[in-house]
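S.K.: got a predicted structure here, sequence first:
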Amino acid sequence: MDSFTSVFDTQIDRANTNSDKWSKYTDSVIPMWVADMDFDSPECIKDAINQRVEKGVYGYTNTPKALENAIQSHLFTRYQWSVSAGHLVHLPGLVCALHLSVRVFSEVGDAVVVPGPVYYHLTKAPLLSERELLTVDMTIQDGRWLPDMPQLEAAFANPKSKMILLCNPHNPGGTVYTKEELLRIHALAERYDLLVVSDEIHCDLILDDLPHVPFASLNEDAANRCITLMAPSKTFNIAGLGYAFAVIENTVLRQAFNQGRAGLIPSPNMLGLTAATAAYQEGQEWHRSLLIYLRENRDFLAQRLSATPLKMLHLEATYLAWIDVSMLSLEDPHAFFVAAGVGVSDGKDFGNPGYVRLNFGCPQSTLDQALTRIEKALIEHSYM
């Protein structure tokens, strides 16, 4: 075990910090819902923020060239993806970019294709902007969640369809799309001329020895029809600092995106830029250790669940377990887990009420405590 293990094992008291995660439930419930880890951020990020704060002047701030260089280096080193600094669009968050993309690149009444179950903002974005949502079922294929390809083609072929919102790696299923799988999706996007908005925020959280393939890196046509959304927020646990970025290689798309955001979506704040720069420049060792710890937590969770009726497919990426609870035949699975003292995410929010999502980005002692509560509830209700 490396020297970072004790950092991830440390229990951090997040009470009285206005934490969304920790203020949702009473003290008797362990919160394991929103994608927010209970780990201390890397020292390099804290040091960079402290140094910037000590400057004492917090005026309007533009994007440092050092951040653009660090992002370019990160994308090339990890994904062999060469991106021009001019193709980067710096944002205060990824969710607003999803919603903006739908509003800029489609009209009221157009259709947006979304494979699901999936992170709920991918389905909210079309609905909140009066677009038609075309949900394509993701099904279990050889132990992995993947879109039903005949359904996907039928949705693409709909003359009202203008774009697909893709989540890669997939949240909540944990699938890391292979290059071949992405090429099949791209072939349909090219045939039916759809824009691809690819949410790749979990790309740095792959737990298996698998490559992440950015959709836009597939070929020239893919690059030309794709808006790629990424951020350091999940990887380095800095979501509250508000920084994300888009890669938009097509000049026409990038100009339209920037025009659509003008006056509505602000630039990232100073501390978000500072944290992101430090993360991409100096956070690699912490990141490697995080992945080791999350992998151990995933395997610990899988082992414990295997002794219960609950089912979880092997999770290739993320720290968000997608757990099948349908065999319990519960009217409200979410309420059952909360009553047991574990605050999971409700599967119906992602499009499947027979599941719950559990965040295992926490000290293993916390995960152990949560699993013990779940096992106790299953025994008490005669499910075990």
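M.R.: Cool, the structure landed.
S.K.: what does stretch 364-382 contact?
M.R.: 9, 11, 30, 32, 38, 293, 296-297, 300-301, 304-305, 307-310, 336-337, 339-342, 358, 360, 384 (CB atoms under 8 Å, 6 or more residues apart in numbering). Yep, even glycine has a C-beta here, placed from its N, CA and C like the rest.
S.K.: of the residues you listed, select the buried ones using a PyMOL command.
M.R.: A single PyMOL command is used to select the members of the contacts of stretch 364-382 judged buried by 16 or more other CB atoms under 10 Å:
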select buried, resi 30+32+38+293+296+297+301+304+305+308+310+336+337+340+341+342+358+360
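S.K.: in helices, which of the contacts of stretch 364-382 fall?
M.R.: The helices, defined by DSSP state H, take in 9, 293, 296, 297, 300, 301, 304, 305, 336, 337, 339 from the contacts of stretch 364-382.
S.K.: save these as JSON lines, and put in distance to residue 15 and pLDDT too.
M.R.: Formatted as JSON lines, those follow (distance: CB to CB, whole Å; pLDDT from 0 to 100):
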{"residue": "9", "distance to residue 15": "19", "pLDDT": "96"}
{"residue": "293", "distance to residue 15": "23", "pLDDT": "97"}
{"residue": "296", "distance to residue 15": "26", "pLDDT": "97"}
{"residue": "297", "distance to residue 15": "23", "pLDDT": "98"}
{"residue": "300", "distance to residue 15": "25", "pLDDT": "98"}
{"residue": "301", "distance to residue 15": "25", "pLDDT": "98"}
{"residue": "304", "distance to residue 15": "27", "pLDDT": "98"}
{"residue": "305", "distance to residue 15": "29", "pLDDT": "98"}
{"residue": "336", "distance to residue 15": "25", "pLDDT": "98"}
{"residue": "337", "distance to residue 15": "21", "pLDDT": "98"}
{"residue": "339", "distance to residue 15": "22", "pLDDT": "98"}
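S.K.: a markdown table for these, including distance to residue 174?
M.R.: What follows is those, written out as a markdown table (distance: CB to CB, whole Å):
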| residue | distance to residue 174 |
| --- | --- |
| 9 | 23 |
| 293 | 17 |
| 296 | 16 |
| 297 | 13 |
| 300 | 16 |
| 301 | 12 |
| 304 | 17 |
| 305 | 14 |
| 336 | 23 |
| 337 | 19 |
| 339 | 26 |
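S.K.: which stretches of this protein have low pLDDT?
M.R.: 1-5 (pLDDT under 70).
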